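Novice: A structural model of the following input is requested.
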Amino acid sequence: MSHQYRTMRDFVLSLDDTLPGKFEVTREGIVHDLMAPVRQHQRTALYVRERLDQLMPEGTVAHMGLPDMEDFFEGVMRRPDVMLIAEADMEGDGAFDPRTLVAAVEIVSRSNPGNDWVGKMRDYPLLGIPVYAIFDPRTGSGAVLTDIHHTPAGPRYATRKDFVYGEDVTIAEWTIPTSGLPLYTDDSGTQGAY
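Specialist: Below you'll find the model as predicted:
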């Protein structure tokens, strides 16, 4: 673990529950995601988690919340909105090993969409996460990325399957509906759902 990464990591861990939003460490530095508006963001994560939980076999869960997942060697600490992981891989102390995740699911934040569409699209294949699903309440659409391959710029996902809310989407081995997912409110205060 580099000194710079250790310093950023310790700073982020010291902020837990003291400031709103989520802090993560990437190779480029600390990322702060306000996750606003929180209600639609959290409801989307909850609905996706519940739908996946109904389908996954015993011993595999869709987990929300702490702890983070961390790769010391790469100098990256992230906290996906939903992590698909075997219960056995959740045992022990400290952050999860990202290479044990079956999939990571992110709900795009209105305050920092590049974190999900650019930063995590770069970091998750680097960390060995085989499936990355993105739900975007700004547009009522998303994508599932798979098939990590190596490029001169580093590992990247080779396959991208786009979807719009209302369609079924397959994440790893499980297909869930996207109907009823909330959208962020527009400037007039109107909120939609598909």
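
Novice: now the particular helix or strand that has Val105 in it: average pLDDT?
Specialist: Per DSSP states H and E, Val105 falls inside strand 101-107. Mean per-residue pLDDT for strand 101-107: 95.

Novice: got the contact list for that strand?
Specialist: By Cβ atoms under 8 Å, 6 or more residues apart in numbering, the surrounding residues in contact with strand 101-107 are 35, 41, 44-45, 48-49, 52, 60, 62, 69, 78, 80-86, 98, 116, 120, 124, 129-137, 171-172. C-betas here are computed from N, CA, C, even on glycine.

Novice: before we move on, what SS does Gly92 have?
Specialist: coil (DSSP: H, G, I helix; E, B strand; the rest coil).

Novice: any stretches of the protein with poor pLDDT?
Specialist: Within the chain, the segments meeting pLDDT under 70 span 1, 3-37, 186-194.

Novice: so which residues of it form strands?
Specialist: Ranges of strands within the chain are 22-26, 29-33, 60-63, 69-71, 76-78, 82-86, 101-107, 132-136, 141-151, 154-164, 168-171, 174-177, based on DSSP state E.

Novice: format these as TSV; extra columns: mean neighbour count.
Specialist: Formatted as TSV, the strands of the chain follow (neighbours: other Cβ atoms under 10 Å):
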stretch	mean neighbour count
strand 22-26	22
strand 29-33	16
strand 60-63	20
strand 69-71	22
strand 76-78	25
strand 82-86	23
strand 101-107	24
strand 132-136	25
strand 141-151	17
strand 154-164	14
strand 168-171	17
strand 174-177	16
